[in-house]
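Participant: sequence? don't have it. structure:
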């Protein structure tokens, strides 16, 4: 059941009002509220015979590059059809009342930016971007030859989605910036994530050791069930707008 405004601890309300820096980690549950299936959901339609874990790997791209490219094209088409939900919009609106709001996301859909968040650190890349599989550089345009995947215009290597695959390391720059934001924040939110994927899962403990208030927001009441964290159980699209209205009624 969703927490109502009367259940929000007064201590948390006061700390949010006094906060100068807020860091927010978002996971697949945030995007699922906009209609984007998570990697745990079974694939449908033409892709029902595959598992996402079998397609989002360097090995799959090495052996079946066209298949992987076409699967990501289908996911990209799906993402283009959805809009940011009220949770995304609430996080963007938070920038009007808090000096520094940093969104650290494990999602690759770009919905935070679409909602208006200005400081978004993408730990797993972005499905809308394409990069060279050899040099790792972002490629904006390429020659359409009818062959998939297309080739890098600079070195002729295959192009691939700019998304982190299973078995690949996270990009260091956003990861380091995320760690800095967590260490410096006054309040840390973990929203829509199971807290099982590291290193992002360590951020809640890192924030607590840095004396930040920690808020867990999830539809799964068992996810990240730590007794010294604030819990707001329910969908972010409902809880976040209410939280903003309670904490900053002047908005």
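Facilitator: Received it, and whenever you're ready, just let me know what you need. Just so it is clear, the structure is predicted and the values come from calculations on it, not from any experiment.
Participant: count of residues packed around the nearest residue to residue 163 once chain neighbours are set aside?
Facilitator: Nearest-residue entry for residue 163: residue 125, 4.2 Å, with adjacent residues in sequence omitted and distances by CB to CB, 6 or more residues apart in numbering. Every residue, glycine included, has its C-beta placed from N, CA and C. Other residues near residue 125 number 19, with proximity taken as other CB atoms under 10 Å.
Participant: can I take it that residue 249 is in a helix?
Facilitator: No. Residue 249 is assigned coil when assessed by DSSP: H, G, I helix; E, B strand; the rest coil, not a helix.
Participant: please tell me how far it sits from residue 96.
Facilitator: Using CB to CB, to the nearest Å, one obtains 13 Å as the distance from residue 249 to residue 96.
Participant: repeat for residue 73
Facilitator: Residue 73 sits 37 Å away from residue 96, going by CB to CB.
Participant: one more: residue 15?
Facilitator: Taking CB to CB, one finds residue 15 at 18 Å from residue 96.
Participant: comparing those two, which residue is more hemmed in?
Facilitator: Counted by other CB under 10 Å, residue 15 and residue 96 do not tie: residue 15 has more neighbours, with 18 against 11.
Participant: what are the boundaries of the helices in the chain?
Facilitator: 10-18, 28-32, 52-55, 58-63, 65-80, 86-93, 111-115, 172-184, 203-209, 236-247 (DSSP state H).
Participant: lowest average pLDDT across the ones you listed?
Facilitator: Among these, helix 52-55 has the lowest mean pLDDT, at a mean of 80.
Participant: what about it, distance to the chain center?
Facilitator: Helix 52-55 sits 19 Å away from the centroid of its parent chain (CA atoms, centre = their mean, to the nearest Å).
Participant: same thing with stretch 242-251?
Facilitator: Distance, centroid of stretch 242-251 to centroid of chain: 24 Å (CA atoms, centre = their mean).
Participant: quick one: buried residues of that stretch?
Facilitator: 242, 243, 244, 247, 248 (16 or more other CB atoms under 10 Å).
Participant: got a markdown table for these, with distance to residue 154 too?
Facilitator: Listed next are the buried residues of stretch 242-251 as a markdown table, based on distance: CB to CB, whole Å:
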| residue | distance to residue 154 |
| --- | --- |
| 242 | 49 |
| 243 | 47 |
| 244 | 45 |
| 247 | 49 |
| 248 | 48 |
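Participant: nearest to residue 166, of those?
Facilitator: Checking the buried residues of stretch 242-251 against residue 166 by CB to CB gives residue 243 as the nearest, at 33.8 Å.
Participant: tell me who's in contact with that closest one.
Facilitator: 5, 8, 16, 90, 232 (CB atoms under 8 Å, 6 or more residues apart in numbering).
Participant: buried subset of the residues you listed, written for ChimeraX?
Facilitator: Selecting only the buried entries of the contacts of residue 243 in ChimeraX, with 16+ other CB under 10 Å as the criterion:
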select :8,16,90,232
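Participant: adding distance to residue 143, write the contacts of residue 243 out as JSON lines.
Facilitator: Listed next are the contacts of residue 243 as JSON lines, based on distance: CB to CB, whole Å:
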{"residue": "5", "distance to residue 143": "56"}
{"residue": "8", "distance to residue 143": "55"}
{"residue": "16", "distance to residue 143": "51"}
{"residue": "90", "distance to residue 143": "42"}
{"residue": "232", "distance to residue 143": "50"}
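Participant: among the contacts of residue 243, which one sits closest to residue 165?
Facilitator: Checking these one by one against residue 165 (CB to CB), the nearest turns out to be residue 90, at 30.8 Å.
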